[in-house]
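Trainee: got a predicted structure here, sequence first:
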Amino acid sequence: MNTYAFSSIRSLKEALNKKALSRKELLTLCYKRFNQYDKILGSALELFDEQSVERSSTGGLLDSIPGIVKDNICQNGRQLTCASKMLQGYKSPYDATVIQRLHAAGALIVGRANMDEFAMGSSTQTSAYKKTCNPWDHSRVPGGSSGGSAAAVAAGLVSWALGSDTGGSVRQPAGFCGIVGMKPTYGLVSRFGLVALSSSLDQIGPLTRTVYDNALVLSAIAGYDSQDSTTHMRASVDYTAPLTGSLPKGFTLGVIDNALEAPGFDPEVYEALHESLRQFEQLGARIKRIKIPVMDYGVSVYFIINRAEAASNLARFDGVRFGYRSEQSQTLNDMYQNSRNQGFGLEVKSRILIGNYVLSVGHADEFYKCAKIVQGHMRQELLKAFHEVDLLFMPTSAAAAFKFGAFDKNSIQMDLQDYFTSPANITGVPTVAVPCGFTSTHLPISFQLMGPDFSEAALYQVAYAYEQATPWHTMHPPLYQE
Ligand code: GLN
């Protein structure tokens, strides 16, 4: 039975079809692994009662396949906390569109995954509830903010998870945990029922151990939704269809020179990224080096837009309509203040302060408006690059997973985690993070492929060709293989 722990969705579906494995056995195996491992790993904020998770078969794309969903996505009648004390005990009154689609596809959702509070962070350390470890080394973070989702998949507790990505929160934890993470084009996946961090940047994306599985989950959740006016009206796509194992004909991969040759790389990560480029050449890709200097402003632009929108979005948590309410207050104003002061953690409060500052009269021109102008330039320059190359190659992170507390006294270093990931959110384009090796201390390394709007099929095709030519997806954390 345990031979299935690290099986892909693809092979689990085969085993179910051949009746080598029953639906019930698969779900029970998943619970067994959570019970055995998650006390230490800490990936789930809640594991739902097994019986309440069972559903009848739909014959859909993810029929009977257990997975876990980040705790900022509404599931009707389930708790939804965003890993914040502010929402302790709050229950979702409806299903997010992605949850409705997962259910229609037959997926079984076994729990709520830990995350940074309100998705603010890169380590899952800002969760008000628990610590999540990196399955490859328990003294290190799993990345964030979708750290629980990434850890559960990498440790073989589930074969898929959903995360949300506003500045890198699917891709950076996927990279730190050695799995595949996709940030789709803005507007491909509905945000209805996703608790907003920065509404103009947020996208929900899948985390899986293989490229095929990722394409499968995206196929199940993508598409127009009348409940989210930013989704696009497009024909539905089977993203697994282009996965042939070879690159598109005449494929040109662009390398953003100013990203790959930026200072500050861990030498082992740098070497693995260059080795990946050699691998792409062997697969027949033409590599073209280009410069897009404006991309270097990504993290600064992100810092401002993220805080501005977060401050506006989080204004709704006022102790009145939902969430935590401070009981000791004498006046209405006290109640607002105390509820927000006690309900939010430090990172959230700092972002609200900065966000309101950059939007305030007298400062908005200097910060917010300026950031929006640079955002426009970034998108223009990036789209120009796609006239010269098919896709772009980028690092996911400059170094592998860091130790708990490593940046506690250096918040700028933490913010720099978004250096390579935030440009895709700022420009709206899709990007997939793919494992590409290990450090000498056995920590995963990852690169990103970035494409023009709605190029997910091409991203998966190219990522799959690379994956099939390399062994990384077959390697799993030794602590989780009994
Ligand atoms: N690390 C980023 C931040 O803290 C990413 C957050 C996200 O994508 N949700 O803002």
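Mentor: Happy to help now that I have it.
Trainee: so residue 47 makes contact with residue 38?
Mentor: Yes - counting by CB atoms under 8 Å, residue 47 does reach residue 38; the two are 7.2 Å apart. (Glycine included, C-beta is placed from N, CA and C.)
Trainee: more neighbours, the two?
Mentor: residue 38 (21 against 18; other CB atoms under 10 Å).
Trainee: can I get the helix or strand harbouring that one as CSV, trimmed to CA atoms?
Mentor: Element membership for residue 38 (DSSP states H and E) is helix 23-41. Extracted C-alpha coordinates of helix 23-41, given in CSV (Å, rounded to 0.1, in the frame of the first residue of the first chain):
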residue,chain,number,x,y,z
ARG,A,23,-11.1,4.6,-3.5
LYS,A,24,-11.4,3.9,0.2
GLU,A,25,-7.9,2.4,0.5
LEU,A,26,-6.4,5.5,-1.2
LEU,A,27,-8.2,7.9,1.2
THR,A,28,-7.2,5.7,4.2
LEU,A,29,-3.6,5.7,3.1
CYS,A,30,-3.7,9.5,2.9
TYR,A,31,-5.1,9.8,6.5
LYS,A,32,-2.6,7.2,7.7
ARG,A,33,0.3,9.3,6.4
PHE,A,34,-1.1,12.5,7.9
ASN,A,35,-1.5,10.8,11.2
GLN,A,36,2.0,9.3,11.0
TYR,A,37,3.9,12.4,9.9
ASP,A,38,2.0,15.6,10.2
LYS,A,39,2.6,16.1,14.0
ILE,A,40,6.1,17.0,13.1
LEU,A,41,5.7,18.3,9.6
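Trainee: please report how far the residue nearest to residue 128 when sequence neighbours are not counted lies from the ligand.
Mentor: For residue 128, ignoring the flanking residues on the chain, the nearest one in space by CB to CB, 6 or more residues apart in numbering is residue 85 at 4.6 Å. Counting by CB to the nearest ligand atom, to the nearest Å, the separation of residue 85 from the ligand is 18 Å.
Trainee: OK, contacts around residue 85?
Mentor: Residues near residue 85 by CB atoms under 8 Å, 6 or more residues apart in numbering: 128, 324, 342-345.
Trainee: show me what the helix holding residue 38 is packed up against.
Mentor: Counting contacts by 3 or more CB pairs under 8 Å, 6 or more residues apart in numbering; DSSP states H and E, helix 23-41 packs against helix 9-17, strand 44-47, helix 50-53, strand 66-70, strand 108-113, helix 147-154.
Trainee: next, residue 208: phi, psi?
Mentor: phi -150, psi 170 (degrees, to the nearest 10).
Trainee: contact partners for it?
Mentor: 8-9, 153, 159-161, 179-180, 214, 216-217.
Trainee: out of these, which are inside helices?
Mentor: Counting by DSSP state H, the part of the contacts of residue 208 found in helices is 9, 153, 214, 216-217.
Trainee: give me the buried subset of these.
Mentor: 9, 153, 214, 216-217 (16 or more other CB atoms under 10 Å).
Trainee: list the residues that contact residue 224.
Mentor: 231-234.
Trainee: A strand includes it, no?
Mentor: No - counting by DSSP: H, G, I helix; E, B strand; the rest coil, one finds residue 224 to be coil, located in no strand.
Trainee: quick one: furthest residue from the center of this structure?
Mentor: residue 330 (41.6 Å; CA atoms, centre = their mean).
Trainee: now the residue of the stretch 151-300 of the chain found nearest the ligand: how far from residue 349?
Mentor: Using CB to the nearest ligand atom, the single residue of the stretch 151-300 of the chain nearest to the ligand is residue 169, 2.9 Å away. Per CB to CB, to the nearest Å, residue 169 is found 19 Å from residue 349.
Trainee: quick one: which of those two has more around it?
Mentor: residue 169 (37 against 14).
Trainee: I figured residue 298 hits residue 423, correct?
Mentor: Yes - Residue 298 is within contact range of residue 423, at 3.8 Å (criterion: CB under 8 Å).
Trainee: out of the two, which sits in the busier spot?
Mentor: Neighbours per residue (other CB under 10 Å) separate residue 298 from residue 423, with residue 423 holding more: 32 against 24.
Trainee: got a list of what the more buried one touches?
Mentor: So residue 423 contacts 295, 298, 378, 382, 394, 450 (CB under 8 Å, 6+ apart).
Trainee: which one of those residues sits closest to residue 432?
Mentor: residue 450 (8.3 Å; CB to CB).
Trainee: what's near enough to touch that closest one?
Mentor: 391-394, 423-424, 429-431, 459.
Trainee: confidence score at it?
Mentor: Residue-level confidence at residue 450 comes out at 98, pLDDT.
Trainee: about what we covered before: overlap in contacts, residue 298 and residue 423.
Mentor: By CB under 8 Å, 6+ apart, the residues touching both residue 298 and residue 423 are residue 378.
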